[in-house]
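A.B. asks: one predicted model, sequence on top.
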Amino acid sequence: MDTSQTQARPNPQQCREQGKLLYFSPHSTPQDRSQGLRLLNQAVAAGDPEAMYIIAELLLSGKAKVPSGQNRERALFLLCGAANRGLPEARGLLNRLCQQDYREQIPPVRSAPGPLTDFDGKPITIDRKGVFTPIDATLTFENGENVLRLSANIVFWDDDGDILDREKFRQAALDGILAWQGTYEVFGGQQLRVAVSLTTEDRLLDSVIVIPMTRSVCGNVTAVWDKLGSKKIRQRTDQIVSSKRSMAGIGLRKWSVHTRKTILLQSQTGHFDDYGELTAVMKHEFGHALGLGDLYASAVDGLPGVEKGSYRELDSYLISDRFYNLVMCDHHGVISNNDVEMVVLAFRENRLQSYQPDQLRGKISEALGRGN
């Protein structure tokens with residue numbers, strides 16, 4: 001090994017701290033600040049999340065610029081990178097900026113309190129429950145507010161082999177589902193509160209199954225498909241397992257309120273102790289269980305992605321080319337009014353709501369392009 005090259009490689013933390021000292025010191029000269037900015041950008045290039053956050057703030061304040069002139073776009077991109085590397089300040093600022101854009105671009109049309117209606121003013125009725133409905137959903141108007149109640153029994157198929165703390169793992173997964181709770185504005189600014197109720201009883205029928213993809217489970221899945229699956233399916237399974245990609249099984253041919261809902265969770269550490277990441281992934285995968293398709297582009301899955309300018313309610317959350325700070329695009333992203341509007345339509349119509357056409361479903365949700 002050439003130790004001289006290793007020693008010459010800049011340390012991102014050192015670059016960041018030296019850059020901060022030079023740039024933000026009250027006694028800094030213009031030359032000091034220029035050198036400090038250069039060091040901070042070196043740290044950014046090396047993937048340092050705090051440096052990404054600092055440069056993003058400087059770009060947003062106008063104290064720093066990029067040659068293309070797209071300062072805000074670059075700032076959002078850096079905030080997304082810092083947020084996905086675990087910096088909570090970056091995630092908070094990114095979410096606030098996107099939601100501010102949304103409020104500015106989609107001014108709500110307030111309506112008098114009353115039972116929830118669709119875009120055409122027709123009452124929305126949802127009463128999906130029973131032993132063959134893994135996720136129960138009811139819509140009621142009570143005490144002057146519309147409430148969408150979602151309830152499910154979550155069954156964990158796990159073993160102790162690779163899971164360091166089973167209870168913490170399970171709570172992280174449940175927290176991802178509970179993240180869908182909140183108050184949203186749908187169908188022209190009508191208020192809708194989403195309430196989620198979960199149980200963890202040991203039963204298979206009428207349940208959502210969560211399977212942590214431990215080494216033993218991955219081995220069993222691979223072995224089964226080696227014997228029963230086609231070459232294409234085997235390759236697809238191997239790719240999912242090796243890339244540590246989580247996924248949701250929502251029906252053999254298509255989603256409906258009655259199809260079995262199974263979520264396969266993978267851990268980036270292999271020990272299922274990356275609780276924040278597991279919570280975020282579960283939030284995304286449960287979106288599939290609620291009847292939502294994917295928003296991101298994926299050549300493997302035949303998804304082209306959504307182009308900028310297609311739907312203004314999505315553009316508010318655009319980070320970079322076809323990548324959005326929304327839960328069904330980036331599992332760390334926010335749950336938006338539009339997402340919840342699509343959940344309502346999924347349970348009302350008993351049909352998957354798609355953001356984009358794919359190989360199986362060509363119809364786009366009517367929620368898109370309607371202002372929420």
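C.D. replies: Alright, I've got the coordinates.

A.B. asks: tell me where the stretch 51-200 of the chain has strands.
C.D. replies: 127-128, 135-142, 145-156, 182-186, 190-199 (DSSP state E, counting those that start in this stretch).

A.B. asks: count the neighbours of Asn11 for me.
C.D. replies: The tally of other residues near Asn11 (other CB atoms under 10 Å) stands at 13. C-beta: built from backbone N, CA, C; applies to glycine.

A.B. asks: over to Glu104?
C.D. replies: Counted with other CB under 10 Å, the neighbours of Glu104 add up to 9.

A.B. asks: same deal with Glu17?
C.D. replies: Neighbours of Glu17 (other CB under 10 Å): 16.

A.B. asks: again with Ser25
C.D. replies: For Ser25, the tally of surrounding residues (other CB under 10 Å) stands at 12.

A.B. asks: what bits of the chain have low per-residue confidence?
C.D. replies: Across the chain, the ranges flagged by pLDDT under 70 are 1-9, 160, 221-242, 252-253, 358-362, 372.

A.B. asks: how near is the residue nearest the centre of it to Phe77?
C.D. replies: In the chain, the C-alpha nearest the mean C-alpha coordinate belongs to His331, at 2.1 Å (CA atoms, centre = their mean). His331 is 18 Å from Phe77, where distance means CB to CB, to the nearest Å.

A.B. asks: please apply the same query to Leu139.
C.D. replies: Per CB to CB, Leu139 is found 38 Å from Phe77.

A.B. asks: list just the one of the strands of the stretch 51-200 of the chain that sits closest to Phe272.
C.D. replies: strand 145-156 (10.9 Å; CB to CB).

A.B. asks: now that closest one: buried residues?
C.D. replies: Buried residues in strand 145-156, counted by 16 or more other CB atoms under 10 Å: Asn146, Val147, Leu148, Arg149, Leu150, Ala152, Asn153, Ile154, Val155, Phe156.

A.B. asks: can you put those in a markdown table and add distance to Val281?
C.D. replies: Converted to a markdown table, the buried residues of strand 145-156 look like this (distance: CB to CB, whole Å):
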| residue | distance to Val281 |
| --- | --- |
| Asn146 | 29 |
| Val147 | 27 |
| Leu148 | 23 |
| Arg149 | 24 |
| Leu150 | 19 |
| Ala152 | 17 |
| Asn153 | 20 |
| Ile154 | 15 |
| Val155 | 18 |
| Phe156 | 15 |
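
A.B. asks: so which of the residues you listed is the closest to Asp274?
C.D. replies: Distances from Asp274 to the buried residues of strand 145-156, taken by CB to CB, are shortest for Phe156, at 16.8 Å.
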